[in-house]
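Q: sequence unknown, structure follows:
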């Protein structure tokens, strides 16, 4: 039975990690290399993650510096940034690309909070889907007489507590990200 809960807990944990990664790619008022994590560059005949063609650093709170490993990919990196939904304009200097992250206005901050809440809800739905699948597995075990009615009830309660724990973790992430976005 503990394997059953370890599996469910592992899957729920992955849902929270995915939500955390989604939040990292949402722009706040300060520059962070995580903003560019989901950016793919058309280089060498295929789409590759930015990390494979350049390094990203943050010399200050408002600037991202992208250093291309190969000067031939600078134009491709520029195109990828311009096509992305980041809303940043690249400044090219040789093999270096600078991105100035402008401060967010109040309206944009509120829009970003809505995006965060939508992504959080998606994460919670994923956690609940794991619970639903585990619930169905328990039904099958009960039907096959692998577990008793009492075991089923106890396991359902434990499964709900596990689900509540991970949903609460996502809520904590939302509160932190919202605070980060609304900070001026």
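A: Arrived safely. Since the model is a prediction, treat every value here as computed from it, not as a measurement.

Q: contacts and neighbour counts: CA atoms only from here.
A: Will do.

Q: domain parsing for this structure?
A: 2-24+105-182, 33-100 (automatic domain parsing).

Q: check those domains for me: which has the lowest mean pLDDT.
A: If you rank the domains of the chain by mean pLDDT, domain 33-100 sits at the bottom with a mean of 87.

Q: reformat the domains of the chain as JSON lines; add mean neighbour count.
A: Shown next, in JSON lines, are the domains of the chain (neighbours: other CA atoms under 10 Å):
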{"stretch": "domain 2-24+105-182", "mean neighbour count": "16"}
{"stretch": "domain 33-100", "mean neighbour count": "16"}
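
Q: neighbouring strands for the helix or strand containing residue 58, and are they parallel or not?
A: Using DSSP states H and E, residue 58 sits within strand 54-60. Taking DSSP bridges as the criterion, strand 54-60 sits next to strand 63-68 (antiparallel) in its sheet.

Q: could you pull out the strands for this structure?
A: Here the chain has its strands, by DSSP state E, at 40-43, 46-49, 54-60, 63-68, 90-93, 96-100.

Q: which other helices and strands does the second one contact?
A: Using 3 or more CA pairs under 8 Å, 6 or more residues apart in numbering; DSSP states H and E as the contact criterion, the elements in contact with strand 46-49 are strand 40-43.

Q: can you read off the pLDDT for residue 29?
A: pLDDT, read off for residue 29, is 69.

Q: please read the previous query as pertaining to residue 1.
A: For residue 1, the predicted pLDDT is 59.

Q: next one: residue 123 from residue 65, what distance?
A: Distance, residue 123 to residue 65, by CA to CA, to the nearest Å: 31 Å.

Q: quick check on the residue of the chain most remote from its centre: phi, psi?
A: Distance from the C-alpha centroid of the chain peaks at residue 145, with 40.2 Å (CA atoms, centre = their mean). The phi/psi pair for residue 145 (degrees, to the nearest 10) reads phi 60, psi 30.

Q: residue numbering should commence at 508 henceforth.
A: Fine by me, first position is 508 from now on; the one you just mentioned is residue 652.

Q: now the helices: where do they sit in this protein?
A: 509-531, 581-590, 613-650, 656-689 (DSSP state H).

Q: picking up where we left off before, quick check: angle from the strand holding residue 565 to strand 603-607?
A: Angle, strand 561-567 to strand 603-607, by axes from the mean of the first three to the mean of the last three CA atoms, to 10 degrees: 50 degrees.
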